[in-house]
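Student: build me a structure from this.
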Amino acid sequence: MKLDNVDDDVSLFDAEEDSASRKSKVKHPVASFFHLFFRVSAFLVYLLCGIFGGSFIACMVTIILLLSCDFWTVKNITGRLMVGLRWWNQVDDDGKSRWVFESRKQTSGKQSSAAESRIFWLGLIICPIVWVIFAFSTLISFKIKWLAVVVLGVVLQGANLYGYVRCKVGTRTNLKSMATNYFGRQFLKQTLTKQEES
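Tutor: Here you go, the predicted structure:
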């Protein structure tokens, strides 16, 4: 299995943005809505199934469908539109599987807004954490029948998180150096802000 990181410009539906959408903070409101809709819906169905006494099979199928729609939407649409990232698995003619991680160059005319980027990354990071918490609560409360659903939530949302982190970080840098750079910038920003205030 071969891993690639492509820094070339990603073609994103080849649609030009009109001037009205450039002015708004969220350039793709429908994509932003559906980025969170399926995730939150899966959480709500999981949490409210026990309260309203729905059948386990109906709740499980609904949650799995919502998680699958979320995985497909995030992987194929919202990642491209909201942050200019995409990843996929490609099988070559000789049968070798290779993973491709792409990121749009920031110098291109299609830059994502800060609001969309924040929505994308918060949804992408927080949701797998919530599913992990659900997994622990399922084990602690001995509701083992829900464990398969919760594990599926962790796997599908974790796979998207892993894929997009690989797109963002790339293969040349590692997560540790990215975290060090981020915290260094935050420390420098706080120091400069405090000096300006005094």
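Student: how about the helices in this protein?
Tutor: With DSSP state H as the criterion, the chain has helices at 19-23, 29-52, 56-73, 114-140, 147-169, 175-197.
Student: in a markdown table, list those along with mean pLDDT.
Tutor: Formatted as a markdown table, those follow (pLDDT from 0 to 100):
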| stretch | mean pLDDT |
| --- | --- |
| helix 19-23 | 41 |
| helix 29-52 | 89 |
| helix 56-73 | 93 |
| helix 114-140 | 91 |
| helix 147-169 | 90 |
| helix 175-197 | 69 |
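Student: among those, which comes closest to Phe101?
Tutor: helix 147-169 (4.4 Å; C-beta to C-beta). To be clear about C-beta, it is placed using only N, CA and C from the backbone, and glycine gets the same treatment.
Student: now do that closest one: distance to the chain's middle.
Tutor: Chain-centre distance of helix 147-169: 8 Å, with C-alpha atoms, centre = their mean, to the nearest Å.
Student: do stretch 120-128 as well
Tutor: For stretch 120-128, the separation from the chain centroid amounts to 6 Å (computed by C-alpha atoms, centre = their mean).
Student: buried ones in it?
Tutor: For stretch 120-128, a neighbour-count test (16 or more other C-beta atoms under 10 Å) marks 120-121, 123-124, 127-128 as buried.
Student: could you measure from the nearest residue to Val91 once chain neighbours are set aside over to Ser141?
Tutor: Using C-beta to C-beta, 6 or more residues apart in numbering and skipping the chain neighbours, the partner closest in space to Val91 is Ser97 (5.4 Å). Using C-beta to C-beta, to the nearest Å, Ser97 is found at 39 Å from Ser141.
Student: most centrally placed residue in this protein?
Tutor: The centre of the chain sits closest to Leu124, judged by C-alpha atoms, centre = their mean, with a distance of 3.2 Å.
Student: is that one in contact with Phe71, as I believe?
Tutor: No: using C-beta atoms under 8 Å as the test, Leu124 is too far from Phe71 to be in contact (11.5 Å).
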